[in-house]
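In: could you look at this predicted model? Sequence included:
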Amino acid sequence: GENVEQHPSTLSVQEGDSAVIKCTYSDSASNYFPWYKQELGKGPQLIIDIRSNVGEKKDQRIAVTLNKTAKHFSLHITETQPEDSAVYFCAALYSGTYKYIFGTGTRLKVLA
Amino acid sequence: GAGVSQSPSNKVTEKGKDVELRCDPISGHTALYWYRQSLGQGLEFLIYFQGNSAPDKSGLPSDRFSAERTGGSVSTLTIQRTQQEDSAVYLCASSKGSNEKLFFGSGTQLSVL
């Protein structure tokens, strides 16, 4: 069945450094890949997404890259700030369905 | 406009009691999802509603769990005879339709004592 693996489970970086989180999906028909940020006590918030007809998308300090051949996609955060500290989830949506498969999350800590 | 609204934000109940959790999706969103998030874990799919179609209940963990969506808008997740393992955050999400961006509410933290 569909599966999304996410690595690492925890990540600590110094303020100002970059952070990279990687996800691998199993279903080659998946065509939509969102990333969510979840702060303590809050629901997941959509921060960036990418569809399978593009390879990269940027929004200020955040970027997502997609490699369809290898079936993996990554979240890149540059110039990290303490407020970037949160749990980040990747997800994949199987083409033609409504089922989102979520990764297990990455706890990012940005050290001041 | 307003986002996805869930109530209550916190619910403490005794083992064996029934609980109802409410979700108000974003206006105009036809798709509604319920997920469960146990402490430090990922998101577990529970149920999906799309318009007037029959819901996909394949993620409900037992027959103690049920959900309904009235008038294509508000949804209620009901857990009967709660057990301690039901303790988790229950998240609701909505989207304009399938294959559209998914927006989450803040969740209901359920604690079963």
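Out: Received it, and whenever you're ready, just let me know what you need. Numbers count the residues shown, from 1 in each chain, chains lettered A, B, ... in the order given.
In: the lowest-mean-pLDDT helix or strand in chain A - contacts with which helices or strands?
Out: Ranked by mean pLDDT, DSSP states H and E, the helix or strand of chain A with the weakest confidence is strand A:100-102, at a mean of 90. With contacts defined as 3 or more CB pairs under 8 Å, 6 or more residues apart in numbering or on different chains; DSSP states H and E, strand A:100-102 has these neighbours: strand A:86-94. Just so you know, the C-beta spots here come from the backbone N, C-alpha and C atoms, and that holds for glycine as well.
In: what's the mean pLDDT across the strand it packs on?
Out: Per-residue pLDDT values across strand A:86-94 average out to 93.
In: name the residues of that strand that are buried.
Out: Judged by neighbour count using 16 or more other CB atoms under 10 Å in any protein chain shown, the buried positions of strand A:86-94 are A:86-94.
In: could you do stretch B:22-32 as well?
Out: Those would be B:23-26, B:29-32, for stretch B:22-32 by 16+ other CB under 10 Å.
In: stretch B:53-65 now?
Out: Within stretch B:53-65, the residues scored as buried using 16+ other CB under 10 Å are B:55-56, B:59-60, B:65.
In: need the max-distance pair from those residues.
Out: Maximum pairwise distance among those (CB to CB): 13.4 Å, between B:Asp56 and B:Phe65.
In: residues in contact with the closest residue to B:Leu39 other than its chain neighbours?
Out: Spatially, and ignoring its direct neighbours in sequence, B:Leu39 is nearest to B:Ala88 (7.4 Å; CB to CB, 6 or more residues apart in numbering or on different chains). Counting by CB atoms under 8 Å, 6 or more residues apart in numbering or on different chains, B:Ala88 touches B:36-39, B:110.
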